[in-house]
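J.: following is a predicted model, sequence given first.
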Amino acid sequence: TITSTGETEFKSLAHSDVNVFPNPSKGIFTVEVSEKSINQNTFAEITDIQSREILKVSLNSTNTKIDLSGYENGVYFLTIKKADSIFAVKKIILTR
């Protein structure tokens with residue numbers, strides 16, 4: 001008997017107090033995280049479609065600008081982590 005496909009876990013992972021704008025972007029976008037969700041161990045990790053880490057940024061305020069303008073157009077993933085746990089995953093689209 002199958003009790004879970006794992007999809008529910010991913011949806012709950014993606015649902016959070018995180019907003020990314022503009023998205024799609026030309027390379028520079030803002031990551032907005034609720035104040036209750038930020039602490040000194042909160043950071044954003046950007047990976048490409050092949051899961052290669054391309055950037056890691058500490059999130060010390062509720063609004064953090066991230067610049068990916070030096071990277072190619074395409075789909076990237078923003079993962080917000082707190083210590084060793086994943087807080088949110090967002091898809092980022094770069095277009096020019």
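T.: Right, received. Where do you want to start?
J.: bridging residues for Ser85?
T.: Lys82 (DSSP bridges).
J.: burial check on it, number of neighbours?
T.: The number of residues packed around Ser85, counting by other Cβ atoms under 10 Å, is 8. C-betas here are computed from N, CA, C, even on glycine.
J.: helix or strand for the residue minimising distance to the centre of the chain, which one?
T.: What sits nearest the mean C-alpha location of the chain, by Cα atoms, centre = their mean, is Leu78, with 2.3 Å. In this assignment (DSSP states H and E), Leu78 forms part of strand 74-82.
J.: ok, Lys56 next?
T.: Using DSSP H and E, Lys56 falls within strand 53-58.
J.: in its sheet, what does whichever helix or strand comes after that strand sit against?
T.: Where DSSP H and E defines the elements, the next helix or strand beyond strand 53-58 is strand 63-67. Strand pairing for strand 63-67, using DSSP bridges, gives strand 28-33 (antiparallel).
J.: could I get the partner strand in PDB with only the CA atoms?
T.: Extracted C-alpha coordinates of strand 28-33, given in PDB (Å, rounded to 0.1, in the frame of the first residue of the first chain):
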ATOM      1  CA  ILE A  28      18.900  40.900  -9.900                       C
ATOM      2  CA  PHE A  29      16.000  40.000  -7.600                       C
ATOM      3  CA  THR A  30      15.000  40.400  -4.000                       C
ATOM      4  CA  VAL A  31      14.500  37.600  -1.500                       C
ATOM      5  CA  GLU A  32      12.000  38.700   1.200                       C
ATOM      6  CA  VAL A  33      11.800  36.500   4.300                       C
END
